[in-house]
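**Q** Just a sequence and a predicted model for now, questions to come.
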Amino acid sequence: MSSFRDKMAAKTAELGSSSERAATERPAAVAPAEPRRSSAFKTGPGMLGALAVAQQRIQELENTSDKLMLPVNAIQPNPWQPRKIFSDEGLASLAESIREVGLVEPVVVRRAENGYQLIAGERRLRAHALIQANEIRASVIECSDQDMAVLALVENVGREDLTDYEIGQSLRRAEREFPTRKRMAEALGMSRKGLYRFLAFENLPDFMRRDLDLNPRLLGGSAADEVVSAIKKYGSAGLSAARELWPAVVGRTLDQGKLAAAIGAQASRSEATESVSERSIEKIFSGKSHAGSITKDTNSFTVKLKTGVLSDAQETQIRELISQLFNVKPG
């Protein structure tokens, strides 16, 4: 059994379905809360079971794979790789180890149109570039796009430091490899609710996503989903509030979990202020007596007249005017 498959199996061994976990987990005491991300990936059929076919195929291909020394610059990155942030300290340590004792495990690649495409081993490839090595030992296999998309996520998702935003971006890239989102959720061992939480990042305003590209830790999946809902609920007022409040999240003076509520509160105040400031009321007099009013605001233009202030002829005139303006048959 290849070391690549061993690692894949080890990383998914704890990710069974809900029913599987219920049968095996009998804690003697209350366990610490798991990261929010884990629960979304521990629902549905479970990654390990869903990936069995793909991993079996990879095993078959690895058994007959070519073991080559490839130019580092001939290997393209994995387009489905979710990780955007790599520890400089960790890469430097790995690079020094490779410099001293060489590469213990080859990277796994597949042939591409212009060279090769990485399947597994991003840190090893980056470490080789760091020490300016010209070649790297690689295992060359055939692998479908769908297998690539799934395996890239599984290889990284068990790591605590992978952010929800990075997972969301990778899911977006992987989405085109599956006929439906339901099928993708099943292939990844996720609930559809968990899947949609990660996909919510795509509906955030551009100014938020630009900052998340630079620092994906600014917003988690649940917070992003709540922010999207708040902006949708309050429309332009919600978007304006989000734009004003977002720098506080970036500057760490506003907790990301409180952003959606803050958007709602500020948007509500803004709507109330705007409604009052744009409302005009003009009183109508008949001689010296108050006969009614004309009220105009952002939503309506209202004419109110007290009963009895109009003669029959005046009422007829008003009805005829309305008929002319709006094509209404006078009553």
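**A** Received it, and whenever you're ready, just let me know what you need. Residues are numbered from 1 along each chain as shown.

**Q** Run through the neighbouring helices and strands of the helix ranked longest in the chain.
**A** Using DSSP state H to define each element, the chain has its longest helix at helix 221-250. With contacts taken as 3 or more Cβ pairs under 8 Å, 6 or more residues apart in numbering; DSSP states H and E, helix 221-250 sits against helix 36-41, helix 164-175, helix 192-199, helix 206-214, helix 259-277. Bear in mind the C-beta positions are built from the backbone N, C-alpha and C, glycine included.

**Q** Count residues in the vicinity of Leu199, would you?
**A** Per other Cβ atoms under 10 Å, the neighbour tally for Leu199 reads 21.

**Q** That one against Gln169, yeah?
**A** No: Leu199 is beyond contact range of Gln169, at 10.0 Å (criterion: Cβ atoms under 8 Å).

**Q** quick one: contacts for Thr302?
**A** Ile294, Thr295, Lys296 (Cβ atoms under 8 Å, 6 or more residues apart in numbering).

**Q** So in terms of bridging, what pairs with it?
**A** Going by DSSP bridges, Thr302 is paired in beta bridges with Thr295.

**Q** Against Gln324, how distant is it?
**A** 20 Å (Cβ to Cβ, to the nearest Å).

**Q** Dump the helices and strands packed on helix 221-250 to CSV, plus mean pLDDT and distance to Glu89.
**A** As requested, these are exported to CSV (pLDDT from 0 to 100; distance: least, Cβ to Cβ, whole Å):
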stretch, mean pLDDT, distance to Glu89
helix 36-41, 44, 23
helix 164-175, 80, 19
helix 192-199, 83, 28
helix 206-214, 93, 20
helix 259-277, 79, 31
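
**Q** closest one to Ile98 among those helices?
**A** helix 164-175 (24.9 Å; Cβ to Cβ).

**Q** hmm, back to that, the helices and strands packed on helix 221-250: which one's closest to Ala74?
**A** Short answer: helix 164-175, nearest of the helices and strands packed on helix 221-250 by Cβ to Cβ, at 22.2 Å.

**Q** Correct me if wrong: Ser268 contacts Gly238.
**A** No: with contact defined as Cβ under 8 Å, Ser268 does not count as touching Gly238 (9.5 Å).

**Q** Compare neighbour counts for the two and give me the winner.
**A** Ranked by neighbour count (other Cβ under 10 Å), Ser268 and Gly238 place Gly238 first, with 25 against 15.

**Q** ok now the helix or strand encompassing Gln314, how far from the chain's centre?
**A** Remark: Gln314 resides in helix 312-326, with elements defined by DSSP states H and E. Centroid separation for helix 312-326 versus its chain: 56 Å, with Cα atoms, centre = their mean, to the nearest Å.

**Q** ditto for stretch 289-303
**A** For stretch 289-303, the distance to the chain centre is 46 Å (Cα atoms, centre = their mean).

**Q** Alpha carbons only: can I get it in PDB?
**A** In PDB, the C-alpha atoms belonging to stretch 289-303 read as follows (Å, rounded to 0.1, in the frame of the first residue of the first chain):
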ATOM      1  CA  SER A 289     -60.300  75.700   9.100                       C
ATOM      2  CA  HIS A 290     -57.900  72.700   8.800                       C
ATOM      3  CA  ALA A 291     -59.400  70.600   6.000                       C
ATOM      4  CA  GLY A 292     -56.700  67.900   5.600                       C
ATOM      5  CA  SER A 293     -53.100  67.300   4.500                       C
ATOM      6  CA  ILE A 294     -50.700  66.200   1.800                       C
ATOM      7  CA  THR A 295     -48.000  63.800   2.900                       C
ATOM      8  CA  LYS A 296     -45.100  62.700   0.800                       C
ATOM      9  CA  ASP A 297     -42.300  60.200   1.800                       C
ATOM     10  CA  THR A 298     -40.100  57.700   0.000                       C
ATOM     11  CA  ASN A 299     -43.000  55.200  -0.400                       C
ATOM     12  CA  SER A 300     -46.200  57.200  -0.900                       C
ATOM     13  CA  PHE A 301     -47.900  60.400  -1.800                       C
ATOM     14  CA  THR A 302     -51.100  60.700   0.400                       C
ATOM     15  CA  VAL A 303     -53.900  63.300   0.200                       C
END
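
**Q** Pull out the buried positions in it.
**A** Gly292 (16 or more other Cβ atoms under 10 Å).

**Q** Please apply the same query to stretch 116-130.
**A** 116-128, 130.

**Q** Stretch 172-185 too?
**A** Neighbour-count burial for stretch 172-185 [16+ other Cβ under 10 Å]: Ala174, Glu177, Phe178, Met184, Ala185.

**Q** any idea which of the buried residues of stretch 116-130 is the one closest to Gln76?
**A** Looking across the buried residues of stretch 116-130 and measuring by Cβ to Cβ, the closest to Gln76 is Gln117, at 4.8 Å.

**Q** thinking again about what came up before, now flag whichever of the buried residues of stretch 116-130 is closest to Ala149.
**A** Ile119 (10.9 Å).

**Q** ok, now which ones touch the closest one?
**A** Asn78, Val107, Val108, Val109, Arg110, Ile141, Cys143, Met148, Leu151, Ala152.
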